[in-house]
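**Q** Got a sequence here, can you build the structure:
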Amino acid sequence: MNNFNTVQDIAVYLRQELENKKYLLLFAYNGTGKTRLSMAFKDLGKITETSNLVTKDGFRFVTDSGDALIATQKTADTLYFNAFTEDLFSWDNDLEGDSRRVLNINSKSRFFAGLEELEMESRIRRFLHRYVDFDFNIDYENWSIVFSRDVAQNNETVTHIKISRGEENLFIWCFFLAIVELAMDSEIEAYSWVKYVYIDDPISSLDENNVIAVGHHLAQVLKANKSPLKTIISSHHALFFNVLCNEFKNQFIKNKIADKFFLSNSKETKIYSLRITNDTPFFYHVAMLAELHKAASSGNLYTYHFSILRSVLEKTASFHGHENFSACIKKDENDEDGVLHKRLIDIMNHGNYSHYEPQEMLQENKEYFRKILNNFLQDYNFNTGAFPKLVETQQETK
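**A** The predicted structure follows:
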């Protein structure tokens, strides 16, 4: 396990790792700093180049004093997808006429370099129509996108429609995938600057079916990549991360060109921890148990720990075929504890308890939390060979 003081330090480490790897998968819960890490990684690739201004015939521009005029140009090496990428698109809902709704594109971004010449519509459609039934057209003059949908009942096409947030996210994602494909093609000059692809949580507002489909499709696109392009994918979504881990299994074990990590951030020390988890499948799930036990033992328990505990209980219940996470809560003979603890977890998850402004638990709730967690660790036996850290945890709770 490696510890870091800043996300910039982690970004430097990841770039070093990619010298010998092609793919890095990173799991971390929301609020850990994933988006900031993606931007720190991108910023490390920024270089400001300076050169003398020279004409085609070799004439050099100079000032009145005889000094050469200098041109500056910023270069980059990372094509990234995160919350900032989604902000490159914005809706104009035509508030006056309420009829011509378009999705505007920020034409200043390098993300959209050379779109018209590269026939982006056909490239995007090839990805998009795997997920949705609407169509679109890009207006390159006004830098906007018009969406349309065929209405079978009326045998007509309705244009300037407003698509849902989930559909919008899928469209932007497919736009990005089409650009990634261009970056993989060494003959496409517009994206020849791309050395790294950094993807952070592309599955916001998607249902689980699309989460699985996006994860599977992304893996197929990346594994077909024969270029030197390197990729980092970070996510807080356990199902999405699980799909990627399964898809890249051979890359972890056989080819050894991929690594997966668990990223955490101590609320007390502000230190970041990055733990490689190649030899421990689904370690992010178990790592959270170890983190919860550590917090319970130290007494540094906050309300958001109940949210993490519920997530672990739900996934365990689903794996064992139970309908509700309460099945994983140990009950007393009269069953009262089972009811009490389930209600407590429900309240702590649905109350006004922000992950970003954590509140310390009341002492009584700390005791309840410890009891639920310790009973769970005793009742569910994990593979002791695969999870040596959890063995210590289980032994300490007995």
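**Q** partners of the residue nearest to Met1 when sequence neighbours are not counted in the sheet?
**A** Of all residues not flanking Met1 in the chain, Arg275 sits nearest, at 4.4 Å (Cβ to Cβ, 6 or more residues apart in numbering). (C-beta placed from N, C-alpha, C; glycine too.) Counting by DSSP bridges, Arg275 is bridged to Phe262.
**Q** residues near Arg275, how many?
**A** Arg275: 19 surrounding residues under other Cβ atoms under 10 Å.
**Q** Number the residues from 58 up from this point.
**A** Okay, using 58 as the starting number, the last item reads as Arg332.
**Q** Which residues belonging to stretch 160-170 are considered buried?
**A** For stretch 160-170, a neighbour-count test (16 or more other Cβ atoms under 10 Å) marks 160, 162, 168-169 as buried.
**Q** Span of that stretch from start to end?
**A** Taking Cα to Cα, to the nearest Å, stretch 160-170 runs 18 Å from one end to the other.
**Q** pLDDT on it, on average?
**A** Stretch 160-170 comes out with an average pLDDT of 86.
**Q** Next, the closest residue to Gly90 other than its chain neighbours: phi, psi?
**A** The spatially closest residue to Gly90, leaving aside those adjacent along the chain, is Val64, at 5.1 Å (Cβ to Cβ, 6+ apart). Dihedral pair for Val64: phi -70, psi -30, per degrees, to the nearest 10.
**Q** got a list of what Val64 touches?
**A** Taking Cβ atoms under 8 Å, 6 or more residues apart in numbering, we find Val64 in contact with 90, 93-94, 97, 329.
**Q** Next, Trp148: secondary structure please.
**A** At Trp148, secondary structure determined by DSSP: H, G, I helix; E, B strand; the rest coil is strand.
**Q** For it, give its distance to Glu198.
**A** 19 Å (Cβ to Cβ, to the nearest Å).
**Q** Pick out whichever of the two has more residues nearby.
**A** Set side by side, Trp148 and Glu198 show more neighbours around Trp148, with 14 against 7, by other Cβ under 10 Å.
**Q** ok, what's across the strand from the more buried one?
**A** Assigned bridge partners for Trp148, using DSSP bridges, are Leu160.
**Q** can you pull the contacts of it?
**A** So Trp148 contacts 158-161, 219 (Cβ under 8 Å, 6+ apart).
**Q** Would you mind measuring from it to Phe305?
**A** The gap separating Trp148 from Phe305 is 35 Å, by Cβ to Cβ.
**Q** still on that earlier bit, am I right that the residue nearest to Met58 is in contact with Phe318?
**A** Yes. Counting by Cβ atoms under 8 Å, Arg332 touches Phe318, with 6.4 Å between them.
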